[in-house]
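Enquirer: I would like the atomic coordinates for the input below:
(chains A, B, C and D)
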Protein chains: 2
Amino acid sequence: MPKTRATQTDIARRAGVSQAMVSYVVNGNTRVSIPDETRRRIEAVMEELGYVPNALARGLRSGQTRTIGLVVPDNTNPFFAEIARRIENLGYEKGFSVILCNSDYDLAKENAHVDVLLAKQVDGVIFCASGGSGGAQQRLLASKTPVVTIDHDISNQRDETVLIDYRLGGYLATRHLLEQGHRQIGCITGPRALSSSAGRLTGYRDALKESGLRADTALTVPGDFRIQGGEAAALKLLRGRRRPSAIFAFNDLMAIGAMQAARILGLSVPADVSIVGFDDIPLAQAIYPALTTIAQPISEIARLAMEVFFKQIRGGVSATATPAGPSVVLKPALITRSSTAPFAR
Amino acid sequence: MPKTRATQTDIARRAGVSQAMVSYVVNGNTRVSIPDETRRRIEAVMEELGYVPNALARGLRSGQTRTIGLVVPDNTNPFFAEIARRIENLGYEKGFSVILCNSDYDLAKENAHVDVLLAKQVDGVIFCASGGSGGAQQRLLASKTPVVTIDHDISNQRDETVLIDYRLGGYLATRHLLEQGHRQIGCITGPRALSSSAGRLTGYRDALKESGLRADTALTVPGDFRIQGGEAAALKLLRGRRRPSAIFAFNDLMAIGAMQAARILGLSVPADVSIVGFDDIPLAQAIYPALTTIAQPISEIARLAMEVFFKQIRGGVSATATPAGPSVVLKPALITRSSTAPFAR
DNA sequence: CTGAAAGCGCTTACAG
DNA sequence: CTGAAAGCGCTTACAG
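Expert: Residues are numbered from 1 along each chain as shown, chains lettered A, B, ... in the order given. Model (predicted):
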């Protein structure tokens, strides 16, 4: 067993050819026609020495690393887990690896991660912003690295984004509740700075207004997109003096927390309180009662994000003097299950 | 704006110093004392040009990439999501990135991923094996890359492993059910080749035997560690001619699927059928009824895995002529919640 | 203290 | 068809 990993030079020496020849067969270079005999000999030695190409050297030389940076707030959230899964998979199929970064909804961390990704010369980054426009955006912009932003609408001159119509989602959720006769509808938001959260809020208010109702600020409480936060927020809502008969949680995890809160207070879902979530994670239909929610087309989002990404790196990075603003906007859909019921009190 | 990213040479030229000087200040090299004035000038230019070190070049030269490969079967499973989260976090704190790979319980894919990780010169890999001993193990061994294996007991001369006592977990789950008076206890396993699954099965059988019962093969059905698979398996179990009064699912996801199956059949949990899971994912306590399960100390597992990893890379890779077999074995614990109840029929 | 230089492993024109 | 060589951006002895 060799002390260190075999290099092309090692192979070349052993096969009695030049190092360039080895590189050619490794890369299946067609511009040069290598006699079968030579090729076979080289391949034999490669096998024998257990040759593994050094991607660092290759990347340094070629300027391509076949690596994607993926920044999500929290890979533990089933929505992002699913995104990560699909990005990873799609990447794998095309020979790309993904570096996973959790920003934790923290701008400073987000920036730190982006710096590392830049240093590692990733070919691009898929970005689920944690809110606001931190320095990360500028840094990425300046570096001319292809970026696809998901789940957050940052309008700048160059980034590609794939979004869903969050306002519509918030509107659909709320209207569903209104149609069921609910009038006191609470909502549990996400981090304020996130446009994905802001959009849902607008939709919520729009639906209320359409029905001649005004959003009661006491019925809007902030959440953190996690189960715990949803539970705490719902507890506050359900213990308030104007108890809502329905709650719209801005994601499924918080909706699950809200269901737990109802249980704690001895309230039945949906008899006493209806609950709507957002995302349609796989669990939504597996829990009891099955969660009514707004479905995001997760696989579509991931697929499009990767498509856009590949188009960018193919077209050449700086060739992206193309469109400003959102490239793609997908439509969410209401999925009615059993966590919502007509108002009856 | 420069056409390409600034390099140390660019900085040096602009600051009127040699490139080596730049490298020294970038790395805070102390073996050389640079006058404050020079240092400041260099730093100013770095700032001005937005210098980001090229990790590829650095890695190629230094033989260290500060990158960890993480191979899990499915990052969408909350157990692995949590592992990934913590590994990523611990790595981040020490300046390491993680490349995420899903093996999908597929040996071929696992191998392909390992090859890529090796090519990318990761400093080590954290491995949640997908079952059996594929070529991945050998490849890793041959490459002398530090490896920490979680969740699967591969006994070889060099790998470090951090495991929990799966047999004990299976035993505890089953005994709990037995103590509740259940005699017909079904179990939903995971992929056969996985030692983590095999261990649970042994524990299940041991507990049965201890109570003078024999494992009825008709009551052991294979699952896939996913909700769907758990549901299908439970359906089979509950529709069989010898309907079990209790089910031990080898992970929480399948337990959730089993609960759904019970619901489909109009069976109540735990009144008609008790269900125990394994893992204690955050959801276990959030769903209804709250899931009785065997808790794996996830954060402990991740912490130890990283600790072992850092010890390995610190000690120097091949200095690991140390212990064979499992380095650490943690104990699981039964968490009793409301998905299990005394047998009464 | 500072600079010139080797070399990490590769790709890719450029000559023979 | 084949080889010698430059150069990607860095770190790190080695001389001055």
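Enquirer: Can you name the residue of the stretch 101-250 of chain A nearest DNA strand C?
Expert: In the stretch 101-250 of chain A, the residue found nearest to DNA strand C is residue A:121; the distance is 12.5 Å by Cβ to the nearest atom of the strand. Backbone N, C-alpha and C define where each C-beta goes, glycine included.
Enquirer: mind checking how far that residue is from DNA strand D?
Expert: Residue A:121 sits 9 Å away from DNA strand D, going by Cβ to the nearest atom of the strand, to the nearest Å.
Enquirer: Kindly report the same for residue A:56.
Expert: Distance, residue A:56 to DNA strand D, by Cβ to the nearest atom of the strand: 8 Å.
Enquirer: Same question for residue A:218.
Expert: For residue A:218, the distance to DNA strand D - Cβ to the nearest atom of the strand - is 55 Å.
Enquirer: likewise residue A:243?
Expert: For residue A:243 relative to DNA strand D (Cβ to the nearest atom of the strand), the value is 60 Å.
Enquirer: neighbours of that residue, just the number please.
Expert: 15 (other Cβ atoms under 10 Å in any protein chain shown).
Enquirer: Show the contacting residues for it.
Expert: Residues near residue A:243 by Cβ atoms under 8 Å, 6 or more residues apart in numbering or on different chains: A:184, A:237.
Enquirer: which non-adjacent residue is nearest residue A:101?
Expert: What sits nearest to residue A:101 in space, not counting adjacent residues and going by Cβ to Cβ, 6 or more residues apart in numbering or on different chains, is residue A:113, at 4.0 Å.
Enquirer: Might you report the residue contacts of the one you found?
Expert: For residue A:113, the contacting residues are A:69, A:71, A:101, A:103, A:136, B:92, by Cβ under 8 Å, 6+ apart.
Enquirer: quick one: residue A:192 and residue A:221 touch, right?
Expert: No: using Cβ atoms under 8 Å, residue A:192 and residue A:221 do not qualify as a contacting pair, with a distance of 11.8 Å.
Enquirer: Which one's more surrounded, the two?
Expert: Neighbour totals were compared for residue A:192 and residue A:221, and residue A:221 leads with 20 against 11 (other Cβ under 10 Å).
Enquirer: per-residue pLDDT, the closest residue in space to residue A:129 that isn't next to it in sequence?
Expert: Excluding its sequence neighbours, the residue lying closest to residue A:129 (Cβ to Cβ, 6+ apart) is residue A:152, at 3.5 Å. Residue A:152 carries a pLDDT value of 70.
Enquirer: and residue A:152, that one's in a strand?
Expert: No: counting by DSSP: H, G, I helix; E, B strand; the rest coil, residue A:152 is not found in a strand; it is coil.
Enquirer: Now do it: how many residues are near it, please.
Expert: Neighbour count of residue A:152, defined by other Cβ under 10 Å: 23.
Enquirer: Which helix in chain A has the most residues?
Expert: Determined from DSSP state H, the single longest helix within chain A is helix A:298-315.
Enquirer: buried stuff in that one?
Expert: Neighbour counts over helix A:298-315 (16 or more other Cβ atoms under 10 Å in any protein chain shown) mark A:298, A:301, A:302, A:304, A:305, A:306, A:307, A:308, A:309, A:310, A:312, A:313 as buried.
Enquirer: ok now do residue A:187, which residues does it touch?
Expert: With contact taken as Cβ under 8 Å, 6+ apart, residue A:187 is in contact with A:174, A:200, A:201, A:204, A:219, A:220, A:221, A:247, A:248, A:249, A:250.
Enquirer: In strands, which of those appear?
Expert: A:220, A:221, A:247, A:248, A:249 (DSSP state E).
Enquirer: In CSV: these, plus distance to residue B:333 and pLDDT.
Expert: Output for those, formatted as CSV (distance: Cβ to Cβ, whole Å; pLDDT from 0 to 100):
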residue, distance to residue B:333, pLDDT
A:220, 40, 95
A:221, 35, 96
A:247, 34, 98
A:248, 37, 98
A:249, 31, 98
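Enquirer: Tell me the one of those residues nearest residue A:127?
Expert: Within the ones in strands among the contacts of residue A:187, distances to residue A:127 taken as Cβ to Cβ reach their minimum at residue A:249, with 24.5 Å.
Enquirer: for that closest one, what are its contacts?
Expert: Residues near residue A:249 by Cβ under 8 Å, 6+ apart: A:187-188, A:223, A:230, A:233-234, A:255, A:257-258, A:275-278.
Enquirer: ok, 6 Å please
Expert: Listed by Cβ atoms under 6 Å, 6 or more residues apart in numbering or on different chains, the contact partners of residue A:249 are A:188, A:230, A:255, A:258, A:277.
Enquirer: Output the below-cut-off pLDDT ranges for the stretch 101-250 of chain A.
Expert: Applying pLDDT under 70 to the stretch 101-250 of chain A flags the ranges A:130-134, A:153-158.
Enquirer: Kindly report the residues of it close to chain B.
Expert: Proximity of the stretch 101-250 of chain A to chain B (Cβ under 6 Å from any Cβ of the partner chain) is limited to residues A:102, A:116, A:118, A:119, A:120, A:121, A:142, A:227.
Enquirer: Thank you, goodbye.
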